[in-house]
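Novice: Make a model of this:
(2 chains)
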Amino acid sequence: MSKRTSNRFGDSLLMGLVFLFLYAPIFILIIFSFNAGTSSSVWRGFSLHWYNELLHNRLILTSVYTTLMVSLLATLIATVAGTFAAIGFYSMRRSRRDTLMTVNNIPMMNADIVTGVSLCLLFVVFFNGWEHFAVWINSVQSAVTLPTRLSLGFGTMLIAHVCFNIPYVILAVGPKLRQMDRNLIDAAQDLGCTWMQAFWKVVIPEIKPGIVSGALTAFTMSVDDFIISYFTAGSSTSTLAMTIYGMTKKRVSPQINAVSTLLFVTVLVLLAIINIRESHQEKRAVRGTVSRPKAFKKPGRAVIILRRVAAGALACVLAVVLIVTGKAANARPVVNVCSWGEYIDEDLIAEFEETTGIAVNYQTVESNEALYSLIEMGGADFDVIVPSDYMIARLIDEGLLAELDYGNIPNYELIDAAYKGLNYDPDNKYTVPYAWGTLGIIYNTTMVDGEITSWDAMFDPQYAGQVLMINNSRDALAAALLDLGYSINTTDETELRAAFGRLREAKDAGVYQAFVMDQVFQKMEGGNAAIAMYYAGDYLTMLENNEDLAFVVPDEGSNWFVDAMCVLKTAQHKQEAEAWINFIASTTSSLANMDYIWYASPNGEALEQYGDYYFELYEEELDEELFAIMAPPVEVLDRCEIYENLPVDTLALYNDLWNQLGI
Amino acid sequence: MKNKLSRFAVPYEVWMALFVVAPIVIMVFYAFSSAEGGFTLSNFVKMGDYTEVFLRSFELALIATAICLLIGYPVSYFMSREGASFRRTAMVLIMLPMWMNFLLRTYSWITILDNNGLLNQLFGKIGLIALYNNLTGSELTYFPMMNTQGAVVLGMVYNYLPFMILPIYSVIIKLDHSLLEAARDLGANSATVFRKVILPLSLPGVLSGITMVFVPSVSTFAISQMLGGGTELLLGDLIERQFLGGAYNPQLGAAISLVMMVIVVVCMVVMNRFGEGEEQAVML
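Specialist: So this is what the prediction gives:
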């Protein structure tokens, strides 16, 4: 007896701990959705602020809409197709069925990433083939013009979802078919049914529970999927999971906590309803005498009402969510802009939309290299992109950029001559500069003794576990090259390998806490790391939230970069794109942007007027020192080099070294 | 009749050829091509450089699977011994987190584990960090938990634990109780009943649990990027990087995916071979 109670206690303790483990993170998410501050770990009082913001966040609402649409459509298609396929499977010879079932199981057995990657490759190959075909068709006849360029998007993602959903439906329906008495069909036909009637009146009702559970599984899988969507949706379609993933790569807004809370509560309520319903049924079943076959069991009145209420509630919730989010999604994007995280004053987007009536679909990508991958994989249906100098040179080299019509961009005149004719676009045919700045070291003065003046700090075991290395090959290797006294544009393999050795050594010594891009904001502001290398403008943004941070362009020199707006050759909205570029290049936009992102503008007027602008806005003088970080004086720039595009072999070496660094 | 119904499968057969078989064929094709399009084996040769990544991924995934099994089996077993209403509630509670996107749940762990995160704040307040420093003479201001392999394993266990509990539970709950009674009648004590009857009969559930945890763990990239800080590359990260990340090389990515697929399939075939015997034992 005593053993039994102690066992009981052990059971409950284990269960309690497991539930604590499963739910603690969720409750923390929920609690911090009501936080008045922006931090996700410091409580600053109760507020519903983030819920209100959420209702105005088009990005999140659109992605909720996309998630629901793709899940509902995929479930519908997969359920119908899967049911028919299952019936077909169970009516064929066993050997053939077994082969087909093996193929059917492939998407379930494979890791999601393999399914995602292989479908992505299929689409890319198909798109390439289609382009040749369409060009040929368009050239031999003129009656129909086929679109030559297709890209990843909602359609491809839907196909992918249907693909991984069907197997679940077949697996749920299959056993019901196996249990079904085959004589039933013959009996129905003997009694005068056509085989079609037999199908609808006998087979379908018989396997209905399987269909329902298959559909539910499919829907769950669709909603929860991230990896497969990530590889097949391209750049301009984004499910909620993809939006969250994008956000975790920069600053995560507590709006995400608010979304999760709403989702959690909805699911909780639905499950509670279903659960109550089931327990009702079970009680009735227990009370009933001999268990009757299910088909003849009539559900009680209360159960029917409850079922209807549940169905009604579900339908209402879905309808409301679709209407609210659909409204946000329906503002049709007319110009697709892709830039970096925290790199625009978002009021400018609203202003542009208001004045021109052109909707902006604004997205961000992590690094130049990631942008290049996206474009190459055919996943980028952007119009305007804002790459850095060296990447622009590469894109021009590979014929991926369109020449701009500067007649549509009169504000180009305002760009200072110092930022025209640079080596990446010597004839000024493809680009309008957006912002410029320097790369340097950001450090927390309370966590580092003395001043940092050298790139050595990024490799110093003294700071083990405190350093954030930048997560892109060009900048990371540049730091090592500079530290070793080499040029950041070197093509010498020995020098590059030496630089790689420097990084590798530091990594093995545990110097790096993490490799980050825009996560650097949260980490440095929150005092989670002491040293990071990042861009000057972003340092100034961080400084607003943490006064202990300092920035230095190391003595060995650094990179100064220009990010410029370009239009992809494949852009579908070139005119709108040029209108956007012109709007951003204007002096008023440049001033607002400069004040928000803290990067210097190439617009000469804006650069000159910024001091006055600042004074008018904040009624205090602009700090000269800060301005010197934003727009460094000549003596600092003289130490810096601009990145050049590297030859193909060197680029391949960069990729190899970068892959190996992760090991 | 029979033949007519079997025609229902034809559209899906076409679909499978297009969207299940063709993608894999294309992936194989990519894996054996160079960037210029010619045939090459260099993608596979290059993969030798990444042996460590393979080993690390399998190691972490195995650890995560083992932990899931160690927690998941007792939980399923205890659950199965409780009353119907408790069981149902427990099931709902275990499945509920799966309906929330896994990225959200993983993200929440950053808040908890970060150097300035909730756990470190808590440890600081209750004096645990000071105590540790006194005992070991170190000068920590926090316990480093984020961006470690431990954090990645924790993320895997957290996300995939329900995948271990569900299949084991569903097998145990269906066990024929008369078998247990028979064992007891024949003189077995509860430990022996568990070892000789329950454990062998629940093996199919364990095997499917292992696959359901291992496969996503070995191929994850989001969890390792969020909790591992990108310092310890896993297979998933490596693949993602070749397609949409910072080191564009789809041929290499396809080759790695292919090798991963083959390894996983071989593991599963071996396990199924082993599992089928068990399944027959259950049927008997």
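
Novice: Next to chain A, which bits of the stretch 151-284 of chain B? Give me the list.
Specialist: The stretch 151-284 of chain B comes close to chain A at residues B:158, B:161-162, B:215-216, B:218-219, B:221-222, B:226, B:229-233, B:236-241, B:243-250, B:253-254, B:257, B:260-261, B:264-265, B:268, as judged by CB under 8 Å from any CB of the partner chain. To be clear about C-beta, it is placed using only N, CA and C from the backbone, and glycine gets the same treatment.

Novice: Please check the residues you listed and keep the buried ones.
Specialist: B:158, B:161-162, B:215-216, B:218-219, B:221-222, B:226, B:229-233, B:236-241, B:243-250, B:253-254, B:257, B:260-261, B:264, B:268 (16 or more other CB atoms under 10 Å in any protein chain shown).

Novice: low-confidence ranges in the stretch 301-450 of chain A?
Specialist: Low-confidence segments of the stretch 301-450 of chain A (pLDDT under 70): A:303, A:307, A:326-333.

Novice: now stretch A:642-654: how far from the chain's centre is it?
Specialist: 27 Å (CA atoms, centre = their mean, to the nearest Å).

Novice: Check whether A:Val562 sits in a helix, strand or coil.
Specialist: Counting by DSSP: H, G, I helix; E, B strand; the rest coil, the backbone at A:Val562 sits in strand.

Novice: Return the backbone torsion pair for the closest residue to it other than its chain neighbours.
Specialist: Leaving out its chain neighbours, the residue that sits closest to A:Val562 by CB to CB, 6 or more residues apart in numbering or on different chains is A:Trp436, at 4.5 Å. Backbone torsions of A:Trp436, given as degrees, to the nearest 10, read phi -140, psi 160.

Novice: tell me the contacts of A:Trp436?
Specialist: A:419, A:560-563, A:599-600, A:602 (CB atoms under 8 Å, 6 or more residues apart in numbering or on different chains).

Novice: What separation do you get for the closest residue in space to B:Leu235 that isn't next to it in sequence and B:Asp237?
Specialist: The shortest distance from B:Leu235 to any non-neighbouring residue, by CB to CB, 6+ apart, is to B:Ser57 (4.1 Å). In this view, B:Ser57 and B:Asp237 are 9 Å apart by CB to CB, to the nearest Å.

Novice: Buried residues of the host helix or strand of A:Met196, list them for me.
Specialist: Applying DSSP states H and E as the criterion places A:Met196 in helix A:195-198. Neighbour counts over helix A:195-198 (16+ other CB under 10 Å) mark A:Ala198 as buried.

Novice: The closest residue to chain A within the stretch 51-200 of chain B: neighbour count?
Specialist: At 3.7 Å from chain A, B:Ser108 is the closest residue in the stretch 51-200 of chain B, using CB to the nearest CB. By the measure other CB atoms under 10 Å in any protein chain shown, the count of residues near B:Ser108 is 24.

Novice: Show the low-confidence segments of the stretch 151-284 of chain B, by residue range.
Specialist: Checking the stretch 151-284 of chain B against pLDDT under 70 turns up B:274-284.

Novice: cutoff 50 now
Specialist: B:277-284 (pLDDT under 50).

Novice: how about the helices in it?
Specialist: B:177-185, B:190-193, B:199-219, B:222-228, B:235-243, B:250-283 (DSSP state H, counting those that start in this stretch).

Novice: nearest residue to A:Leu100 other than its sequence neighbours?
Specialist: A:Phe89 (6.1 Å).

Novice: Now for B:Val53, how many residues are close by?
Specialist: For B:Val53, using other CB under 10 Å, the count is 22.

Novice: again with A:Asp190
Specialist: Counted with other CB under 10 Å, A:Asp190 comes out at 10.

Novice: quick one: it from B:Phe102, how far?
Specialist: Noted for A:Asp190: a distance of 52 Å to B:Phe102, by CB to CB.

Novice: same check, this time on A:Leu13
Specialist: 27 Å.

Novice: Have a look at the two and say which one is more surrounded.
Specialist: Neighbour totals were compared for A:Leu13 and B:Phe102, and B:Phe102 leads with 23 against 10 (other CB under 10 Å).

Novice: re earlier: so can I have TSV of the contacts of A:Trp436 showing distance to A:Phe133?
Specialist: As requested, the contacts of A:Trp436 are exported to TSV (distance: CB to CB, whole Å):
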residue	distance to A:Phe133
A:Tyr419	42
A:Trp560	46
A:Phe561	41
A:Val562	40
A:Asp563	37
A:Tyr599	44
A:Ala600	47
A:Pro602	43
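
Novice: What is the burial count for whichever residue of the stretch 1-150 of chain B sits closest to chain A?
Specialist: Across the stretch 1-150 of chain B, the shortest distance to chain A (CB to the nearest CB) belongs to B:Ala9, at 2.5 Å. B:Ala9 has 24 neighbours, counted by other CB under 10 Å.

Novice: Quick one, grab the pLDDT at A:Gln179.
Specialist: The model reports A:Gln179 with a pLDDT of 87.

Novice: ok, and the closest non-adjacent residue to residue 161?
Specialist: I'll assume chain A. For A:His161, the spatially nearest residue (CB to CB, 6+ apart) is A:Ala74, at 3.5 Å.

Novice: Oops, wrong one, chain B.
Specialist: Nearest non-adjacent residue to B:Leu161 (CB to CB, 6+ apart): B:Cys68, at 5.3 Å.

Novice: The one you found falls within a helix, correct?
Specialist: Yes - under three-state DSSP, B:Cys68 falls within a helix.

Novice: so what's it scoring on pLDDT?
Specialist: 97.

Novice: Make sure it is actually in contact with B:Pro162.
Specialist: No - B:Cys68 is beyond contact range of B:Pro162, at 9.3 Å (criterion: CB atoms under 8 Å).

Novice: Tell me the residues of the stretch 401-550 of chain A that contact chain B?
Specialist: By the rule CB under 8 Å from any CB, the part of the stretch 401-550 of chain A lying against chain B is A:465, A:471-473, A:507, A:512-516, A:526-529.

Novice: please redo it, this time with the cut-off set to 6 Å
Specialist: By the rule CB under 6 Å from any CB of the partner chain, the part of the stretch 401-550 of chain A lying against chain B is A:465, A:471-473, A:512-515, A:526-528.
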